[in-house]
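Chemist: Sequence plus predicted model, see below.
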Amino acid sequence: MDWVTDFWIPVIKAIVVVLALLVGGAYMTWGERKLCARFQVRYGPNRAGPFGILQPLADAVKAIFKEEIVPHHVDKAIYLMSPGISFAAVLITFAVIPFGPQIDLLGRQIGLWIGDLQVGLLYLLAIAGLGSYGIVLGGWSSNNKYSLLGALRATAQMISYELPMGLALLSVVVLAGTLNLNRIVDFQGQWPLIVWQPLGFLIFFIAILAESNRSPFDLPETENELISGFMTEYGGIKFALYFIAEYTAMVVNSAIVATLFLGGWKWPAVLSNLHPLAGVALFLAKVLVVLFLYVWVRASCPRVRYDKFMRFCWKFLMPLAWVNLAVTAVIVALI
Amino acid sequence: MSTSNPSVHKLQAQFPQAVLGVTDFRGETTVLVRASEIGPICRFLRDDPDLAYDLCLFVSAIDQLHLPNPITSRDGGPCRFVVVYQLFSLKHNRRLRLKAPVPGDPPRIDSVASIWPAADWHERETFDLFGIHFRGHPDLRRILLPHDWVGHPLRKDYPLGGEPVQFTVNRDDPELANLGKQIMDAPTKESDVPPWFSGRPDTMILNVGPQHPATHGVLRIVVELEGERIVNAAPDLGHLHSGFEKTAEHRTYQQFATYPSRMDYVAGMSNDLSYILAVEKLVEAQVPPRANIIRVILLELQRLAAHLIWIGTQTLDLAGTIHALLQYAFREREMILDIFEMVCGARLTTSYFTTGGLRWDVPPAFPTKVREFVDYFEKRLDEYEAMLTHNPIYRSRLEGIAVINAEQAIGLGCTGPVLRGCGIGYDVRKSMPYCGYEEYDFEIPTRPYGDAYSRYQVRVAEMRQSVSIIRQGLEKLKKVGPGPIKDPNRKLTLPPREELETSMEALIHHFKLVTEGFHPPAGEVYSSVENPKGELGFYLVSDGNPRPYRCKIRGPSFSNISALQVMAPGSLFSDLVAMVGSIDITLGEVDR
């Protein structure tokens, strides 16, 4: 066994990626606050550092040093564990996403991905469901009626929305003919999949909005009715962990969208061939575009009511995803 | 017993024994009736097609303890309390006041809650503040004060003064170590859940508020939930009860003028005006035309400001804190508040209106600023509509939600956009015009469906009407030109500063007005305005002294929020926020 290739390089890559995700998640909070502020004719955070750039640091310091309050009436072990589950689930999702080409570093060929899994897409689907455990358990263990309602909503919502999400991904698989994300990116060298799968993209985007509890589908949270729902009883660093998990999930989900539909690091090939790092920059740019979409939707859409949202999923989005898949399959079979 | 109100004769003919007397004062008719007959009389007043007093504006009482000429009971014996019913007939556009002297200790009278559901809460309030018992009331509990309160504060012999502070924290107190545990272990008080809740084992009681982001203040709603479906909902009021009515009894008429804007603090001008109009009616002040025009312009600006808060907060409730509309609405409201600041130096608690006119004239730049704002605002309103009116999510959150039909709304005493959203075009500006509203050309928007979306449409249409009224007001202001802005009657309004140096008489008037206040004649008036939220009325009883003997405030939100009990059952928990938002309440005025 070559220790360097088989152990140290993956470990270093994993550490770098996790750190990058953490910073990305933290700065997503800043980015969202800045963007929302602009949408709302405000300035947003601008006290900590130039353009408020140090705001996430200040927030982190504040959250860490807050008094640790564990309410008397919670199920302590699960209550403390749940934010961790959410957070961990988000981090491991990124493992199969390629964020750049293979580069030549110090005489070694290093692929800019962590795991080149043959069943990468299945892995994504499998992990996506895990995050909901953090929310469901957190809400349940809080022993609070609002949290309970939030947790119940989360359960139903996340299970439901995995179906259209999976179906949208299936149409990608039908087109690309592989479950490996690297191959899918290669497939998009000429044209990104959004060109062939505009509907699939829309369905997938809606599904991940729901999956990551984002407005207008942030029903488990709904600060205006359920008072933050499953997070009501959480404070300090535990709350921060949930929070950063949500924002990191946004980054990760955007990365998935960028990889599956926007051509990953590869498209347009003219740009990504300039330099290996140009591909990484291209990938980042796409992630940022999707992140902007997230915030834009949040600033302009009212929240959907819970029952209507479920109806929308089962009676509209699901059939639509089926039709999309069927049409894609027929066309692929014919050509 | 001559009166201008034709309904009185009919009432007298029907109940010759029970009608004890009729008074006409300032064009208002008060009928004194026998307390024991109050049920049949009220039923007759509501059901007879020639009378049709279908809207019960308020039920309250007067404690006659210090009144020089108290109303006596039938046999001439002393009678401390008089219960007052202020009624309105939508069909005949007519007001009527009933007064029933109630003997006994504790005083008892039959409840009229079965005739006008609106009386339910008003009788609870009267019970709470006066200790009058209403026989046959379905749920006679305190409504504004805590359940364990001792005494009835609006009684004249209720001691004034502070209560000991109970909020000091002693860090050495052993109880403090168990603080979190107390929260779990404290038994639920019996009265926290209304007795009419089903109490089924498969339902959950959820306590919404008083600290809850969507209750628009310190409203508490006790909700009985079956899953996410509401079985019952009961608003619990009084967390912001500040005793405005009691305060009014201890301030001169001019002094109290600064208080009303503190009630519904998002519509200060309208509140001020409602009170001022009542006083002006009492003392028969003559308001110069210029003052009236400026009043109308400011009132309509205030309506815009209040509706802007409503549209912003309603969207906030439905969409979450990040939705941009709240800030847009506040940006526009800011401009209105800037105009208020320019006019009177204050932004929320303006106190700009005074008995007989305005405190001072508006600055010369006022018309230009207002016109600039109105032009700008119309475009912005189009933008809001583009964002909301046809947004499918927004519509799905409002259409068919919080439904109340016209009959229920009238019964519950709902006014303002809530009533107009049910297709009833009742607007005090049209039915009992004040400040010269009869000279303005405007419509009363109504929608027939009675749901939250109808209320949304009504309010948006009202904003457009307000803009048109403001434009007309500006035209009139230009036509009328500069002129007096106050009643010249020196017994009512302060003389100008310059006069004090030359005129002894002016000095005396000034001194008397400031130190003592003016003396209105003994009598009672009810006057109301169309507040952005509905009919806001003041009922003043004068005994000839410079302080009101009794001041009853009829807040629109108080009656409107009682509609929640009708709207909520059967809908989903998420709709609760849409309901509270679409009723549009200000707790300061609900609790007063």
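Modeler: In hand now; what should we look at? All values derive from a computational prediction rather than experimental measurement.

Chemist: which stretches of the stretch 101-250 of chain A have low pLDDT?
Modeler: By pLDDT under 70, the stretch 101-250 of chain A contains no weakly predicted segment.

Chemist: One more pass at 90, please.
Modeler: Where the stretch 101-250 of chain A drops to pLDDT under 90, the residues are A:101-140, A:142-200, A:206-250.

Chemist: What ranges does it have for its strands?
Modeler: A:102-105, A:108-111 (DSSP state E, counting those that start in this stretch).

Chemist: Within the sheet, what are the partner strands of the first one, with directions?
Modeler: Same thing as strand A:102-105. Strand A:102-105 has its sheet partners listed here by DSSP bridges as strand A:108-111 (antiparallel).

Chemist: so which of the strands of the stretch 101-250 of chain A gets nearest B:Gln17?
Modeler: Nearest to B:Gln17, of all the strands of the stretch 101-250 of chain A, is strand A:108-111, at 101.2 Å by Cβ to Cβ. Quick note: C-beta positions are derived from backbone N, CA and C, even for glycine.

Chemist: Please identify which helix or strand holds B:Arg95.
Modeler: Counting by DSSP states H and E, the element that carries B:Arg95 is strand B:94-102.

Chemist: That strand: what's the following helix or strand?
Modeler: Toward the C-terminus, strand B:94-102 is succeeded by strand B:108-110 as the next helix or strand (DSSP H and E).

Chemist: so what secondary structure elements neighbour that next one?
Modeler: Counting contacts by 3 or more Cβ pairs under 8 Å, 6 or more residues apart in numbering or on different chains; DSSP states H and E, strand B:108-110 is packed against helix B:38-47, strand B:94-102, strand B:133-135.

Chemist: and the angle for the next helix or strand after the first one with strand B:94-102?
Modeler: Toward the C-terminal end, the helix or strand that comes next after helix B:38-47 (DSSP H and E) is strand B:55-63. In terms of direction (axes from the mean of the first three to the mean of the last three Cα atoms, to 10 degrees), strand B:55-63 departs from strand B:94-102 by 30 degrees.

Chemist: Not counting its neighbours along the chain, what's nearest A:Gly111?
Modeler: Nearest residue to A:Gly111, sequence neighbours excluded (Cβ to Cβ, 6 or more residues apart in numbering or on different chains): A:Gln102, at 4.7 Å.

Chemist: what's the answer for A:Arg214, then?
Modeler: A:Tyr294 (6.0 Å).

Chemist: residues touching the one you found, list them.
Modeler: Contacts for A:Tyr294 (Cβ atoms under 8 Å, 6 or more residues apart in numbering or on different chains) come out as A:Glu32, A:Leu209, A:Arg214, A:Met250, A:Ser254.

Chemist: My reading is that B:Val83 lies in a strand. Confirm?
Modeler: Yes - counting by DSSP: H, G, I helix; E, B strand; the rest coil, B:Val83 is part of a strand.

Chemist: show me what contacts it?
Modeler: Per Cβ under 8 Å, 6+ apart, neighbours of B:Val83: B:Ala35, B:Ile38, B:Val59, B:Ser60, B:Ala61, B:Lys99, B:Ala100, B:Val102, B:Ile109, B:Thr126, B:Ile132.

Chemist: between these, which is closest to B:Leu273?
Modeler: Checking the contacts of B:Val83 against B:Leu273 by Cβ to Cβ gives B:Ser60 as the nearest, at 21.2 Å.

Chemist: ok, now how distant is the closest one from B:Pro153?
Modeler: Distance, B:Ser60 to B:Pro153, by Cβ to Cβ, to the nearest Å: 13 Å.

Chemist: Tell me which of those two has more neighbours.
Modeler: Here B:Ser60 and B:Pro153 are compared on neighbour count by other Cβ atoms under 10 Å in any protein chain shown; more neighbours surround B:Ser60, at 24 against 18.

Chemist: quick check: domain ranges of chain B?
Modeler: As assigned by automatic domain parsing, chain B contains the domains B:19-135, B:244-585.

Chemist: Of the helices and strands packed on strand B:108-110, which is nearest chain A?
Modeler: Chain A sits nearest to strand B:133-135 of all these, at 34.3 Å, using Cβ to the nearest Cβ.

Chemist: what are the pairing partners of that closest one, and which direction each?
Modeler: strand B:108-110 (parallel).

Chemist: got the buried residues for the strand it pairs with?
Modeler: B:Ile109, B:Asp110 (16 or more other Cβ atoms under 10 Å in any protein chain shown).

Chemist: Check what contacts that strand and list those residues.
Modeler: B:Ala35, B:Ser36, B:Ile38, B:Gly39, B:Val83, B:Ala100, B:Val102, B:Ile132, B:His133, B:Phe134, B:Arg135, B:Gly136.

Chemist: 7 Å - rerun?
Modeler: B:Ala35, B:Ile38, B:Gly39, B:Val83, B:Ala100, B:Val102, B:Ile132, B:His133, B:Phe134, B:Arg135, B:Gly136 (Cβ atoms under 7 Å, 6 or more residues apart in numbering or on different chains).

Chemist: ok, now stretch B:502-520?
Modeler: Contacts for stretch B:502-520 (Cβ under 7 Å, 6+ apart): B:252-254, B:282-283, B:490-492, B:494-495, B:499-500, B:542, B:544-546.

Chemist: and these, which are buried?
Modeler: The neighbour count (16+ other Cβ under 10 Å) marks B:Thr252, B:Tyr253, B:Gln254, B:Leu282, B:Val283, B:Arg490, B:Leu492, B:Leu494, B:Pro495, B:Ser542, B:Asn545, B:Pro546 as buried among these.
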